[in-house]
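Visitor: okay, predicted coordinates and the sequence, questions at the end:
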Amino acid sequence: FLNLLQNIPSEWARGIFTDVDNLTEESVDEVLNQYLKDLNEGSKEAKGWPSFLSAYTVSKAAMNAYTIVVAKKHPHIKINTVCPGFVKTDINFESGTLTAEEGADSIVRLALLPDDGPSGLFFIRSEISPLG
């Protein structure tokens, strides 16, 4: 999650996404709505949004922030996000370094966490990624 946020120059957006104690669905929506407004106005770079793969970066950061919100809202359910790694798929023209099976392994492991397992976290493969 931290590496995604480092690619978002907007201190305002980073501040909202990293303030996990005050993170809400509305605050995540606020960031996304501001991004869309700035994108439509042609001012995304001037307003501190990434210039390269901005929609991808902002959407992934928002998804991770929203995971935290949902996990807090539903503590009886284990809710996490996972990056399976750079998997060979059609979307990257099979240029990934991992097979589909290798990528699926981390997703299956996460789905099979015990009832007392972690929730509201972002995993890179099988490792918990620090928020920052």
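Guide: Ah, there it is.
Visitor: show residues contacting the helix or strand harbouring residue 57.
Guide: Taking DSSP states H and E as the definition, one finds residue 57 inside helix 54-73. Counting contacts by C-beta atoms under 8 Å, 6 or more residues apart in numbering, the residues outside helix 54-73 that touch it are 1, 4-5, 7-8, 13, 16-17, 20, 23-25, 28, 31-32, 35, 39, 44, 49-50, 77-81, 119-122. The way it works is simple: take the backbone N, C-alpha and C, and place the C-beta from them, glycine included.
Visitor: surely residue 117 and residue 78 touch.
Guide: Yes. Using C-beta atoms under 8 Å, residue 117 makes contact with residue 78 at a distance of 5.5 Å.
Visitor: need the residues touching each of these two.
Guide: Contact with both residue 117 and residue 78 is made by no residue, according to C-beta under 8 Å, 6+ apart.
Visitor: ok, these two, which is more surrounded?
Guide: Neighbours per residue (other C-beta atoms under 10 Å) separate residue 117 from residue 78, with residue 78 holding more: 18 against 11.
Visitor: what pLDDT is listed against that one?
Guide: pLDDT, the model's per-residue confidence, is 93 for residue 78.
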